[in-house]
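[1] coords please:
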Amino acid sequence: MPLLQFDTDFPVSDAEADAFADAVTDLYVETMDADRSYVAVVVRDDGHLSLGRAVEGGQVFCSADVRAGRDGATKRAFATAVMDEAAERFGVPDENLKVVFTEHAGAQMQGVERVGGDWS
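    Sure, this is the predicted structure:
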């Protein structure tokens, strides 16, 4: 189960958060060849962010907890797609967009009735 957590330093309405979550879920499913039903998205808005090299304007930070095994090009494609989506949707400058991946073995990702497997 991937967990995509987005922190912003500006307010995001519930409707905007829902639409953004749907869009990034679609990007994850398409880019990472994943099942939509496993993707979890969190949007935390109007918090304090301090990103190095940021310029004036909104900021968005994505912490992407994903299963290990995808190659760098695939992760980069997802990261750039997510940053493009945030830039277009919220008007965030490119310098103020960051994505960090944390990779987990499949067994570290668990639900009530399921323990995740290895990426294949």
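[2] what lines up beside the helix or strand of the chain with the lowest mean pLDDT in the sheet?
    Least confident helix or strand of the chain, by mean pLDDT, DSSP states H and E, is strand 97-104 with a mean of 92. Neighbouring strands of strand 97-104 in its sheet, by DSSP bridges, are strand 60-67 (parallel).
[3] buried stuff in the least confident helix or strand of the chain?
    For strand 97-104, the neighbour count (16 or more other CB atoms under 10 Å) marks 97-99, 101 as buried. The C-beta positions use only the backbone N, C-alpha and C, and glycine is treated the same way.
[4] ok, which pair from those is furthest apart?
    97 and 101 (14.4 Å; CB to CB).
[5] turn the buried residues of strand 97-104 into a markdown table, including distance to residue 44.
    Putting the buried residues of strand 97-104 into a markdown table (distance: CB to CB, whole Å) gives the following:
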| residue | distance to residue 44 |
| --- | --- |
| 97 | 16 |
| 98 | 15 |
| 99 | 15 |
| 101 | 18 |
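[6] among the residues you listed, which one sits closest to residue 30?
    Residue 30 lies nearest to residue 99 out of the buried residues of strand 97-104, by CB to CB, at 16.2 Å.
[7] so where is this structure shaky, pLDDT-wise?
    Within the chain, the ranges that satisfy pLDDT under 70 run 105-120.
[8] mind listing the helices for it?
    14-32, 72-90 (DSSP state H).
[9] so for residue 79, what's the nearest residue that isn't a sequence neighbour?
    Nearest residue to residue 79 in three dimensions, chain neighbours excluded: residue 99, at 4.0 Å (CB to CB, 6 or more residues apart in numbering).
[10] surely the one you found touches residue 66?
    No - here residue 99 lies out of contact with residue 66, judged by CB atoms under 8 Å, at a distance of 10.9 Å.
[11] just checking, residue 55 touches residue 92?
    No - Residue 55 is beyond contact range of residue 92, at 10.1 Å (criterion: CB under 8 Å).
[12] which one's more surrounded, the two?
    The residue with more neighbours, out of residue 55 and residue 92, is residue 92; 21 against 10, by other CB atoms under 10 Å.
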